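Q: Mind folding the following:
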Amino acid sequence: MSAAAGAPRGAAPMIGTAPGSLIRGRQQQEAVGTAIESPMQKAFRSYRENTVAMVALVGLVGIFLLAACAPIVATHWAHRGATQQNLAGYVDIKGKKTEVVDLQGMPNVGPGLRRSYTFGADALGRDVFVRALVGASVSLRVGVGATMICIVFGTFLGLVQGFYGGRVDKVLSYIVDVMIAFPFMLFAIAFSAAIAATGKIGPLNATSIMVPLLMLGFLSAFGFSRLMRSNTLELAEKEYVEAARALGGDDKRIMFVHVLPHLVPTIITYSGILLAGMILGEAGLSFLGVGVAPPTPSWGNLISDGRAYYSTAWWIAGAGGIMVMATVLCANLVGEGLEEALDPKGNR
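A: Numbers count the residues shown, from 1 in each chain. Now for the predicted structure:
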């Protein structure tokens, strides 16, 4: 028997050991380490290795941090609020006093590296940079809130449809089909007009950001429920669900303990894409005048404010448009990265 064979297990390799065996040993150790990773650890490692998705995540977090710091920027950097007008003021640009708004009522100060009016001024002399950051806070609150409502309501609806099936599924499917077929913008305009005519509907005021938040969240949930229904139909036939039924588990426990956790990866996967859609939806509603009501700034009404000045003061609409584009792009890339990490084989 050779000396290498007689060496105790776990001992260091002897000097005469071949390099090839050392490499194979390291490869086996790495394979064992990878094999004992949990699915979430594998997903996290896969996402971390996706450079594009990581850059998009950093960008999205940065946009959220800018939105959170909007009051600090307005108070300590620009020294001007988002709704503060300055029709007769001046700005020092390269040693020359320049009117913020000229005598014809046109914005006269464009973007520049200065503390006030970094992104220029609008037709009322308001700081576009401050309005873009405060608008980010408003638009992201609407987007995140609507995404959460969509996920919660859509998941519950799809879970009930897919789990019970039969008549329950058929009735709810008819309702979902009708709501998906109904023109979203027509409903939004009619709902906003009803609130504007009465001033409020229940606890909702016409100027509250809850109006677009609830409209986007609940109306988008019907489309998301279809995805949850199809996944629940598949999960309801699994062996562990049948075993839970055989052991006397009630429907509520089976749905929320045995089925719902398996829907979480799909929910996480689509959360970024849903967020992007909600931000675009809020921008569209505010652009049409049925979303966040002025003077509260949002990216949508920033673009709307700049329509009349796109050829002479492009920065008004450009600030809102660039912020929407950057946020939606980052959210979509984060969503795609999550999809690749949680479902690398494309089974969803």
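Q: From here on, just use CA atoms for contacts and neighbour counts.
A: Fine.
Q: Give the full set of residues in contact with residue 207.
A: Residues touching residue 207, when contacts are defined by Cα atoms under 8 Å, 6 or more residues apart in numbering, comprise 292-294.
Q: Now render those residues as a markdown table, adding distance to residue 203 and pLDDT.
A: A markdown table is the format used below for the contacts of residue 207 (distance: Cα to Cα, whole Å; pLDDT from 0 to 100):
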| residue | distance to residue 203 | pLDDT |
| --- | --- | --- |
| 292 | 16 | 83 |
| 293 | 16 | 80 |
| 294 | 19 | 81 |
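Q: Which single one of these is nearest to residue 338?
A: residue 292 (30.4 Å; Cα to Cα).
Q: what about that closest one, distance to residue 83?
A: According to Cα to Cα, to the nearest Å, residue 292 stands 14 Å off from residue 83.
Q: more neighbours, these two?
A: residue 292 (30 against 18; other Cα atoms under 10 Å).
Q: can you map out the strands along this structure?
A: Along the chain, counting by DSSP state E, strands occupy 90-93, 96-99, 200-201, 204-205.
Q: which parts of the top helix by length along the chain are buried?
A: Using DSSP state H to define each element, the chain has its longest helix at helix 128-164. For helix 128-164, burial by neighbour count (16 or more other Cα atoms under 10 Å) applies to 128-163.
Q: contacting residues around residue 283?
A: By Cα under 8 Å, 6+ apart, residue 283 lies in contact with 139, 291, 298-301, 324.
Q: what about 7 Å?
A: Contact analysis of residue 283 by Cα atoms under 7 Å, 6 or more residues apart in numbering lists 299-300.
Q: What separation is there between it and residue 337?
A: Remark: distance between residue 283 and residue 337 (Cα to Cα) = 24 Å.
Q: out of the strands of the chain, which comes closest to residue 120?
A: That would be strand 90-93 among the strands of the chain, by Cα to Cα, at 10.5 Å.
Q: now that closest one: mean pLDDT?
A: In this model, strand 90-93 has a mean pLDDT of 86.
Q: Extract the residue ranges of the stretch 1-150 of the chain that are flagged as low pLDDT.
A: Filtered on pLDDT under 70, the stretch 1-150 of the chain yields the residue ranges 1-35.
Q: hmm, I was thinking of the stretch 151-300 of the chain
A: Applying pLDDT under 70 to the stretch 151-300 of the chain flags residues 196, 199, 201-202, 206.
Q: ranges for the helices of it?
A: Using DSSP state H, counting those that start in this stretch, the helices of the stretch 151-300 of the chain run over residues 166-181, 184-198, 210-235, 239-246, 251-253, 264-288, 299-305.
Q: closest to residue 68 out of those helices?
A: Nearest of the helices of the stretch 151-300 of the chain (Cα to Cα): helix 299-305, 15.3 Å.
Q: Output that closest one as CSV, nothing but the C-alphas.
A: Only the C-alpha atoms of helix 299-305 are listed here, as CSV (Å, rounded to 0.1, in the frame of the first residue of the first chain):
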residue,chain,number,x,y,z
TRP,A,299,-43.2,63.7,-13.6
GLY,A,300,-46.4,63.5,-15.6
ASN,A,301,-47.5,67.1,-15.0
LEU,A,302,-43.9,68.3,-15.5
ILE,A,303,-44.1,67.0,-19.0
SER,A,304,-47.5,68.5,-19.4
ASP,A,305,-46.3,71.9,-18.2
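Q: Please list the residues outside it that contact it.
A: Identification of contacts with helix 299-305 by Cα under 7 Å, 6+ apart yields 132, 135-136, 139, 282-284, 286-287, 316-317, 320-321, 324.
Q: tally of neighbours for residue 104?
A: Counted with other Cα under 10 Å, residue 104 comes out at 8.
Q: ah, wrong one, I meant residue 327
A: That count, for residue 327 with other Cα under 10 Å as the rule, works out to 25.
Q: Would you mind measuring from the residue lying closest to it once chain neighbours are set aside to residue 282?
A: Leaving aside its sequence neighbours, residue 327 sits nearest to residue 60 (Cα to Cα, 6 or more residues apart in numbering; 6.4 Å). Distance from residue 60 to residue 282, counting by Cα to Cα: 17 Å.
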